[in-house]
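Undergrad: Please find the sequence and the predicted model below.
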Amino acid sequence: MTERGRKALLLAPAGIWLLVMLALPLLVVFVFSFGERGAAGGYVPAFTLEQYANLPARWTAFKNTLILAPLGTIAALVIAYPLAYFLAVRCSPKWRTSLLILVIVPFWTSILIRSYAWIFILGGRGLPALLETIGIDDVRLINTPFAVLVGIVYGYLPLMVFPIFVSLDKLDKRLLEASADLGSTPWRTFRQVTLPLSVPGIATGCMLVFILLMGEFLIPAILGGGKVFFVGNALVDLFLQSRNWAYGSAVAMTLVVVMLVTVSIYMKFISRLGGQREDVSLM
Amino acid sequence: MRLYAICVYLFLYIPIGIIALFSFNAGRHASQFMGFSTQWYGKALDNPFVMDALETSLLAAFITACLASTLGTMAAIALQGVTGWLRTLFDAMIYIAIMIPGIVIGIATLIALVTVFGWLNPLLASLWPDGANPPQLSMGMPTLVAAHTMFTMALVIIIVRARLSGMDRALMEASADLFATPWGTFRQVTLPLIAPAILAGFLLSFTFSFDDFIIAFFVAGSETTLPIYIFSSIRRGVTPEINAIGTMVMGASLLLLVAAQLLLRRGASKSNN
């Protein structure tokens, strides 16, 4: 057999699989988003922009996603950064690997079960009962945006810590010593040396978390109790409850487009940030 | 600084600890600890719905992991040195598979397959001889495995490709110069070197498929996987039985991941030597 033939034979199964199970389904969503809903649900072929015109009906889901996804990303960043800094710079190398593994381990266990744990803590007999004993009454935590935010930070913290750790770990520690030797305060060293050099890690972490959050379903479903819902929850509702495929497809297409646009704006912003830093270092 | 780190670790592990603790609760109430007991583990293991769901999940995860690691490795090896439109197409599809939210992949697969099956079923019926029952295509185990394999195969291609690119190509050229057949080179040179990556890909695929809720929720049809069972039970309320199941699932995924980590590390240290 020729080299070419052998390669084609090895590539064919994976290629066909990706075409049938990825490209075809996404194409179907694209086509269906211009169709109409059948009388008993499902899809009727048509070419109309009606479904897209109807998008404002699900504005709340988009609004929640577009507020809580960035907010959750920032909250995760704020909590993750000091930990990553501690692991990379302050922690003794003897403990570093074990502590790092301890951060990553929860990420690889089911997010379903980990989110569910917070029903205990935030539910009526958890934290609110504890707060009652110290005199703070009537605190509702579960099924609020706060609960969803806690679930998000909890679920995605490891994904944020890891890339920041990697960028801080690569940082040449002699730079920090040089900065201190030149009489700079620890805070100034952090602000002018450490932080700018860890921007790539921050950028990667934020992007990973943000992309996953845009399609989130489980955390709002479990901790938002139907009151705080994301686009993901609207999609489940549209496809499994009301079987409105055409409209659901339009919502899904919009979600993907919004995600891609936000991510590309973000990347442009980050690369500009990187570019500016280079200009400064050239001077 | 150290205090802060301790706080974050507590934040990460207290919820998991609470689940594990309450799974040993003797009382029925979810939020009051009434004494130590393993009764909920017994109840969970005796529950036929739980065991059915576990069997479905394990079977789907095993077939997914076998298919994904085989097809993904084949593709990663063949993609070496491939350039042009074919390379662009593959890279684009792998990128899309990783980027697109799982929920969109789930719904897209659902409506595409239901539509295709809607065309194929009458066609099959008309081709079948009269009297015999024609097969009915529907959502179920095969579609679940197909969807999980698509995503995990993309992961395997990335993992194996990373390992291949770190490999010395001269080894393969030397093998070919010494008149080894392509198959011989693969079996005696390439395979032993990339085996840790393949195995890690296998374990990751298994864990992904076993833990996945959102794709399975759409494409599993009438099959109930363990995450689907847990999700619908949570909706009905918190029970110690779910805590026991959760603790067992977390324990099992942990073991698999530790195994994957050890394999990857052993592979890395071997290639450094």
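TA: Arrived safely. Numbers count the residues shown, from 1 in each chain, chains lettered A, B, ... in the order given.

Undergrad: Least confident secondary structure element in the chain?
TA: Assuming you mean chain A. Every helix and strand of chain A was ranked by mean pLDDT, DSSP states H and E. The lowest is helix A:245-282, at a mean of 79.

Undergrad: Sorry, I should have been clearer: chain B.
TA: helix B:240-272 (a mean of 77).

Undergrad: Now do the buried residues in that one.
TA: B:240-250, B:253, B:256-257, B:260-261, B:263-264, B:267 (16 or more other Cβ atoms under 10 Å in any protein chain shown). C-betas here are computed from N, CA, C, even on glycine.

Undergrad: restrict those residues to those near chain A?
TA: The overlap between those and the neighbours of chain A (Cβ under 8 Å from any Cβ of the partner chain) comes to B:242, B:246, B:249-250, B:253, B:257, B:261.

Undergrad: circling back: show me what the least confident helix or strand of chain B packs onto, helices and strands only.
TA: Judged by 3 or more Cβ pairs under 8 Å, 6 or more residues apart in numbering or on different chains; DSSP states H and E, helix B:240-272 is in contact with helix A:111-122, helix B:2-22, helix B:39-46, helix B:191-211, helix B:226-236.

Undergrad: can you tell me which of those helices comes nearest to residue A:26?
TA: helix B:191-211 (19.9 Å; Cβ to Cβ).

Undergrad: could you say what helices and strands the closest one packs with?
TA: helix B:48-79, helix B:141-165, helix B:240-272.

Undergrad: Residue 228: what's it in contact with?
TA: Reading this off chain A. A:64, A:68, A:143-145, A:147-148, A:220 (Cβ atoms under 8 Å, 6 or more residues apart in numbering or on different chains).

Undergrad: You answered for a different chain; I wanted chain B.
TA: Applying Cβ under 8 Å, 6+ apart, the residues contacting residue B:228 are B:53, B:213, B:216-217, B:220.

Undergrad: one step back: out of the contacts of residue A:228, list just those in helices.
TA: A:64, A:68, A:145, A:147-148, A:220 (DSSP state H).

Undergrad: for those, which one is nearest chain B?
TA: Here the nearest of the ones in helices among the contacts of residue A:228 to chain B, counting by Cβ to the nearest Cβ, is residue A:220; it sits at 11.6 Å.

Undergrad: From residue A:88, how far out is the residue nearest to that closest one when sequence neighbours are not counted?
TA: Closest residue to residue A:220 apart from its sequence neighbours, by Cβ to Cβ, 6 or more residues apart in numbering or on different chains: residue A:230 at 4.8 Å. For residue A:230, the distance to residue A:88 (Cβ to Cβ, to the nearest Å) stands at 33 Å.

Undergrad: Tell me which of those two has more neighbours.
TA: residue A:230 (28 against 23; other Cβ atoms under 10 Å in any protein chain shown).

Undergrad: Make sure residue A:111 is actually in contact with residue A:155.
TA: Yes: shown here, residue A:111 and residue A:155 form a contact pair, counting by Cβ atoms under 8 Å, at 5.2 Å.

Undergrad: between the one helix or strand residue A:74 maps to and helix B:2-22, how many degrees?
TA: Secondary structure assignment for residue A:74, by DSSP states H and E: helix A:59-85. Here helix A:59-85 runs at an angle of 120 degrees relative to helix B:2-22 (axes from the mean of the first three to the mean of the last three Cα atoms, to 10 degrees).

Undergrad: Could you list the buried residues of helix A:59-85?
TA: For helix A:59-85, by 16+ other Cβ under 10 Å, it's A:61-62, A:64-65, A:68-73, A:75-77, A:79-85.

Undergrad: is chain B contacted by that helix?
TA: Yes: Helix A:59-85 reaches chain B (Cβ under 8 Å from any Cβ) through A:79, A:82-83, A:85.

Undergrad: Look up phi and psi at residue B:135.
TA: When read as degrees, to the nearest 10, the backbone of residue B:135 gives phi -70, psi 140.

Undergrad: ok, which residues in the stretch 51-200 of chain A are in contact with chain B?
TA: Checking the stretch 51-200 of chain A against chain B by Cβ under 8 Å from any Cβ, the hits are A:79, A:82-83, A:85-87, A:90-91, A:99, A:101-103, A:105-106, A:108-114, A:116-121, A:123, A:125-126, A:154, A:157-158.

Undergrad: Which one of the ones in helices among the contacts of residue A:228 is nearest to residue B:137?
TA: residue A:220 (33.5 Å).

Undergrad: residues in contact with that closest one?
TA: A:64, A:148, A:228-230, A:232-233.

Undergrad: Can you flag which of those residues belong to helices?
TA: Per DSSP H, the subset of these in helices is A:64, A:148, A:232-233.

Undergrad: Throw these into TSV and include pLDDT, thanks.
TA: As requested, these are arranged in TSV below (pLDDT from 0 to 100):
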residue	pLDDT
A:64	95
A:148	96
A:232	96
A:233	95
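
Undergrad: Report the buried members of these.
TA: For those, buried by 16+ other Cβ under 10 Å: A:64, A:148, A:232-233.

Undergrad: Pick out the residue in the stretch 51-200 of chain B sitting closest to chain A.
TA: residue B:101 (2.2 Å).

Undergrad: burial of the closest residue in space to residue A:156 that isn't next to it in sequence, as a residue count?
TA: Nearest residue to residue A:156, sequence neighbours excluded (Cβ to Cβ, 6+ apart): residue A:209, at 4.6 Å. Applying other Cβ under 10 Å, we find 27 residues neighbouring residue A:209.

Undergrad: rewinding a little: which residues are in contact with each of residue A:111 and residue A:155?
TA: residue A:219.

Undergrad: Run a quick check on residue A:189 versus residue A:181, I expect a contact.
TA: No: contact criterion Cβ under 8 Å: residue A:189 and residue A:181 do not qualify, at 10.3 Å.

Undergrad: Show me which of those two is the more surrounded one.
TA: Neighbours per residue (other Cβ under 10 Å) separate residue A:189 from residue A:181, with residue A:189 holding more: 18 against 9.

Undergrad: can you pull the pLDDT of the more buried one?
TA: Residue A:189 carries a pLDDT value of 89.

Undergrad: Report the contact partners of it.
TA: So residue A:189 contacts A:176, A:179-180 (Cβ under 8 Å, 6+ apart).

Undergrad: rerun that using 10 Å as the cut-off
TA: Going by Cβ atoms under 10 Å, 6 or more residues apart in numbering or on different chains, residue A:189 touches A:175-180, A:182, A:195.

Undergrad: What of residue A:162?
TA: Counting by Cβ under 10 Å, 6+ apart, residue A:162 has contacts A:80, A:84, A:87, A:100, A:103-104, A:107, A:201, A:204-205, A:208.

Undergrad: Much appreciated, bye for now.
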